[in-house]
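Generate a structure from the sequence data that follows.
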Amino acid sequence: MSAAPEPGIAPPIAHGEAAVAAEEEQPWLRLDRRMLLVHPVNEIVKLLPVLLISLVIGTQSGNHVWSLVAVVAFVVFGISRWFTTSYRIGPVHVQLRQGLFRKRLLSVPRNRIRSVDVEAGVLHRLLGLSIVRIGTGQQVGSKPDAAKFELNALSTGLVPDLRAALLARRPPTDVEQTAVTQEPAVTEIGHWTPAWVRYAPFSVTGVVTIAAIVGLAFQYGIGAKIARSSTVAEGIESAERVGIAIAVVVGIVVLLIAASALACIRYLLTYGNMTLTDNGRTLHVSHGLLKTRQTTLDRARLRGTTLKEPLLLRLAGGARLDAVMTGVSAERRESSLLLPQSPHAEAERVMATVIGDHRQAAVPLTPHGPVAQRRRYTRALIPAEIALAVALVFVILDRPVFWAAWAAIVALAVGGVVLAWDRYRGLGHAVLPGWLITRSGSLDRARDSLEADGIIGWTVRQTFFQRRAGVATVIAATPAGTGKYLVIDLPADRAWSLVESVTPGGGDVWARR
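Model prediction:
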């Protein structure tokens, strides 16, 4: 077995019995020896709360052996991963062996590789190492991690050639082999700027981070001690003196400030120095200040883009852009990211550049008519109608209904009307030669531009209420992105005509019926 990977460890992709036989003759390789420094440190950092508890227990009992045992156990576990992990990259498969007591062999056919992501944390960067993750766009069972192919860690100098070889779909021709020495022209089509951090607070990232911190604090008993502390007791007394309403308002303001600050910090660390480049064959996305991430997107698998415009970000004039890639699930958000929260105009410009069609951003969307509009108002007002019915029952039963309840009913009604108006305003579709554009949603609005050639099937679906209303939902099926893209509440008599306009011949027989 080789002690370390050498340049050229990824042979050209090949097929047939001869390639399989040659692959069996290849040696298994170990990861870089420098990972012996990385894994023990990472294990200790991940389990730092457990170590702190062990230290506290040891201090109270006067026995610090438990802390020492825990540290030694984590270090030994981290070191053992180097001795129990090996990999082999052949012309047909990429294989990974792991485990000491429970052996596992993961084999991925080269022609099924859909993405190669590269990450490097602070320690990895200091040691010149990278983490290479290979994805096939599939999940096995209910545990996605069960099929995760990760090489942690490889020498950073080996990564570019390895990534290019793994993403190759066929053996190179003589002309292509000669052209390898000529670097393709690289064009930068997107670049992050520090001013974009102003869009970070318009997300739930900060609130989720605070919730996670609070959850961990209570999980390890720290939260309970804080809740019983004198500081919290004094705070409750102060709140009672100034009034509960004022205290709640102040608490919300403090929470929003803290959440915004955390969101900005995370945004800077995650997306700082982001660049999006294009060499004609691949799109390359790189971002991160402390922990860097590099994603290579094969243009041959590009099937469109998704412009995400959640409500808060939309009010701030921002948007996020993702690629719709064959074999790359939309749930793996960072693997399809083109631009993080950024100015809406910049996201539209990058979208047009990536898909090569500058009409996409300006094309007006076709509205879906009064029935679709009525359905939005009907569903948005249901909470207010239920609350009003409950209040009227109390009135009939001669029970008091406080003014706050009536105010809440009015607020629900007004909010429902505004939500319905915005949902219908964002509902629509358009058809351009070779493209389907669809948009829907309000709180989480998305505009999908889907290449017609990437659509492999159509479904026209009608629920019971849609049939009564005379509308239908048209579903375009594709092996890319989310797997299906919807045109919601389109008049039923226009459904198969839409299919025919996007895929000639696909809806003709149904349109005639």
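
is Gly457 in a bridge, and if so with what?
Judged by DSSP bridges, the bridge partners of Gly457 are Ala477.

Against Glu119, how distant is it?
35 Å (CB to CB, to the nearest Å). To be clear about C-beta, it is placed using only N, CA and C from the backbone, and glycine gets the same treatment.

So for the two, which sits in the more crowded spot?
Using other CB atoms under 10 Å, the more surrounded residue of Gly457 and Glu119 is Glu119, with 19 against 11.

Surely that one touches Arg293?
Yes. Counting by CB atoms under 8 Å, Glu119 does reach Arg293; the two are 4.9 Å apart.

for the stretch 401-513 of the chain, what are the low-confidence residue spans?
Low-confidence segments of the stretch 401-513 of the chain, defined by pLDDT under 70: 506-513.

what ranges do the strands span in it?
Here the stretch 401-513 of the chain has its strands, by DSSP state E, counting those that start in this stretch, at 428-432, 435-440, 444-451, 457-461, 471-477, 484-491.

Please name whichever of these is nearest to Gln341.
strand 444-451 (13.9 Å; CB to CB).

Can you give the distance from the closest one to the centre of its chain?
Distance, stretch centre to chain centre, for strand 444-451: 15 Å (CA atoms, centre = their mean, to the nearest Å).

what do you get for stretch 13-29?
35 Å.

Quick one: end-to-end length of that stretch, please.
Terminal residues of stretch 13-29 lie 18 Å apart, using CA to CA, to the nearest Å.

for that stretch, what is the average pLDDT?
Mean pLDDT, stretch 13-29: 83.

cool, stretch 203-213 as well?
Computed over stretch 203-213, the average pLDDT equals 64.

per the record, what domains does this protein have?
Following automatic domain parsing, the chain resolves into domains at 17-185, 186-354, 369-425.

Need the residues touching each of Glu119 and Arg293.
Counting by CB atoms under 8 Å, 6 or more residues apart in numbering, no residue touches both Glu119 and Arg293.

Okay, and Val20 sits in which element?
Applying DSSP states H and E as the criterion places Val20 in helix 17-24.

just checking, next helix/strand downstream of that helix?
Next element after helix 17-24 (DSSP H and E): strand 29-30.

How is Thr378 assigned, secondary-structure-wise?
helix (DSSP: H, G, I helix; E, B strand; the rest coil).

Start the count at 43 instead of 1 going forward.
Sure, I'll start counting at 43 from here, so that last one is Thr420.

Look up how far Ala426 lies from it.
Distance from Thr420 to Ala426, counting by CB to CB: 12 Å.

got it, and Arg536?
Taking CB to CB, one finds Arg536 at 32 Å from Ala426.

any idea what Asp440 is structurally, helix, strand or coil?
Put simply, Asp440 is coil when judged by three-state DSSP.

what's the burial count for it?
Every residue meeting other CB under 10 Å relative to Asp440 is counted, giving 6.

and stretch 157-169, how far from the chain's centre?
Centroid separation for stretch 157-169 versus its chain: 19 Å, with CA atoms, centre = their mean.

Would you mark the buried spots in it?
Within stretch 157-169, the residues that count as buried by 16 or more other CB atoms under 10 Å are Ser157, Val158, Asp159, Val160, Glu161, Ala162, Gly163, Leu165, His166, Leu169.

Would you double-check that the fourth one falls in a helix?
No. Remark: Val160 does not belong to a helix; assigned using three-state DSSP, it is strand.

Skipping its backbone neighbours, what lies nearest it in space?
Excluding the flanking residues, the one nearest Val160 by CB to CB, 6 or more residues apart in numbering is Gln336, at 4.2 Å.

Can you tell me how far that neighbour is from Arg175?
Counting by CB to CB, the gap from Gln336 to Arg175 is 11 Å.

Val296 too?
Val296 is 39 Å from Arg175, by CB to CB.

Neighbour count for these two, which is higher?
Remark: of Val296 and Arg175, Arg175 carries more neighbours, 18 against 10, as counted by other CB under 10 Å.

Wait, a strand at that one?
Yes. Under three-state DSSP, Arg175 falls within a strand.

Tell me if I'm right that it and Arg156 touch.
No. Arg175 is beyond contact range of Arg156, at 11.5 Å (criterion: CB under 8 Å).

Might you report the residue contacts of Val292?
By CB under 8 Å, 6+ apart, Val292 has no neighbours at all.

what's the helix or strand for it?
Per DSSP H and E: helix 286-313 holds Val292.

next structured bit after the lowest-mean-pLDDT helix or strand in the chain?
Using mean pLDDT, DSSP states H and E, helix 216-221 stands out as the lowest-scoring helix or strand of the chain, at a mean of 50. Scanning forward in sequence from helix 216-221 by DSSP H and E, the next helix or strand is strand 229-233.

Give me the buried positions along that next one.
In strand 229-233, counting by 16+ other CB under 10 Å, buried: Ile231, Gly232.

Now do that strand: distance to the chain's middle.
21 Å.

just stretch 492-505 next, same as before
Computed by CA atoms, centre = their mean, the chain-centroid distance of stretch 492-505 equals 23 Å.

Between the two ends of that stretch, how far is it?
25 Å.

Residues in contact with that stretch: which ones?
344-346, 366, 368, 397, 476-480, 513-522, 527, 534, 537-538, 541, 544-545, 548-549, 552.

again, 6 Å this time
The contact list for stretch 492-505 (CB atoms under 6 Å, 6 or more residues apart in numbering) reads 345-346, 476, 478, 514-520, 522, 527, 537, 541, 544, 548.

any weak-confidence spans in the stretch 93-242 of the chain?
Using pLDDT under 70, the stretch 93-242 of the chain drops low at 93-113, 116, 179-189, 211-226.

tell me the residue furthest from the middle of the chain?
Using CA atoms, centre = their mean, the residue of the chain lying farthest from its centre is Asp440. It sits 52.4 Å away.

So what does that one have for phi and psi?
Here is the backbone geometry of Asp440 (degrees, to the nearest 10): phi 60, psi 40.

contacting residues around Pro82?
Val117, Gly120 are the contacts of Pro82 under CB under 6 Å, 6+ apart.

Once you drop chain neighbours, what's closest to Arg175?
Asp159 (4.5 Å).

now Val405
Ala472 is the one closest to Val405 (CB to CB, 6+ apart), at 4.9 Å.

State the number of residues packed around the one you found.
With neighbours defined by other CB under 10 Å, the count for Ala472 comes to 17.

Could you double-check that it sits in contact with Ala404?
No. Under the criterion of CB atoms under 6 Å, Ala472 is not in contact with Ala404, lying 10.4 Å apart.

Look up how far Phe143 lies from Thr126.
Counting by CB to CB - Thr126 and Phe143 are separated by 9 Å.

who has more neighbours, these two?
Between Thr126 and Phe143, Thr126 has the larger neighbour count (other CB under 10 Å), namely 15 against 5.

got the contact list for that one?
Gly141, Leu142.

same question, Ala210
Counting by CB under 6 Å, 6+ apart, Ala210 has contacts Ile55.

ok, now Ala365?
Ala365 neighbours (CB under 6 Å, 6+ apart): Leu339, Thr347, Ser378, Leu380.

Which pair of these spans the longest distance?
Longest span within these, CB to CB: Leu339 and Thr347, 11.0 Å.

Which one's more surrounded, these two?
Per other CB under 10 Å, whichever of Leu339 and Thr347 has more neighbours is Thr347, with 27 against 24.

What pLDDT is listed against the more buried one?
The model's pLDDT for Thr347 equals 94.
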